[in-house]
Each structure stands twice: as C-alpha cells, then as structure tokens.
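Asker: turn this into a structure:
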Amino acid sequence: MSLLLALGVAPHIVREIAGHSDIKVTMTVYAHGNLDQHAAALARLGAVVGSPLPSTVAVNETTEEDQDRGNVG
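Answerer: A predicted model of the protein is given here:
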C-alpha cells in the first residue's frame, strides 16, 4: 500500500483497496515517507518561496587578528 501512495495513487483509493473504513488508518500505517521524499518536498518548497530557506546557524567571519587574540566564535 505504501508503494501505491508513493506512485501517486489517491489515498482514498488506497483506503478502499486496503479495506480500511477510516482514511486515518491508511495514512497512519502506510503514508510514511523516506528521506529522499522529504528532501524533494523541501526542495519544492524552496522553489515555491523563491529562495533557499534561511539557516538558523549564525556565521561570523573571523580575521587573523581575532584568531591571534583567541577571539574565535
């Protein structure tokens, strides 16, 4: 059933094939994505918003003077 969902078959059709009375059961049991699907979804989101999502990691440039003083962040 997971393969059917991955192939783009509508969840309500997969529910009927599996014989589930509630779509929640189908989606809970069979609709788990893999890492490639997660990456593809995030790439599509990035394309829609027009740019990559911002990083939460602050990047500070250090100079040689900072490094000599031990002021490396």
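
Asker: buried sites along the longest helix belonging to the chain?
Answerer: Longest helix of the chain, by residue count under DSSP state H: helix 35-49. Residues of helix 35-49 include none that count as buried (16 or more other Cβ atoms under 10 Å). To be clear about C-beta, it is placed using only N, CA and C from the backbone, and glycine gets the same treatment.

Asker: which residues touch whatever helix or strand Leu3 lives in?
Answerer: Using DSSP states H and E, Leu3 sits in helix 2-6. For helix 2-6, contacts defined as Cβ atoms under 8 Å, 6 or more residues apart in numbering pick out Pro11, Ile13, Val14, Ile17, Tyr30, Ala31, His32, Gln37.

Asker: and these, which two are furthest apart?
Answerer: Within those, Ile17 and Gln37 form the most distant pair, 20.8 Å apart (Cβ to Cβ).

Asker: thinking again about what came up before, which of the contacts of helix 2-6 are buried, as a ChimeraX select command?
Answerer: Buried subset of the contacts of helix 2-6, written as a ChimeraX selection, criterion 16+ other Cβ under 10 Å:
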select :14,30
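
Asker: sort the contacts of helix 2-6 by pLDDT and name the bottom one.
Answerer: Ranked by pLDDT, the contacts of helix 2-6 bottom out at His32, which scores 74.

Asker: and the helix or strand hosting Lys24, what does it pack against?
Answerer: Using DSSP H and E, Lys24 sits within helix 23-30. Applying 3 or more Cβ pairs under 8 Å, 6 or more residues apart in numbering; DSSP states H and E, one finds that helix 23-30 contacts helix 2-6, helix 11-18.
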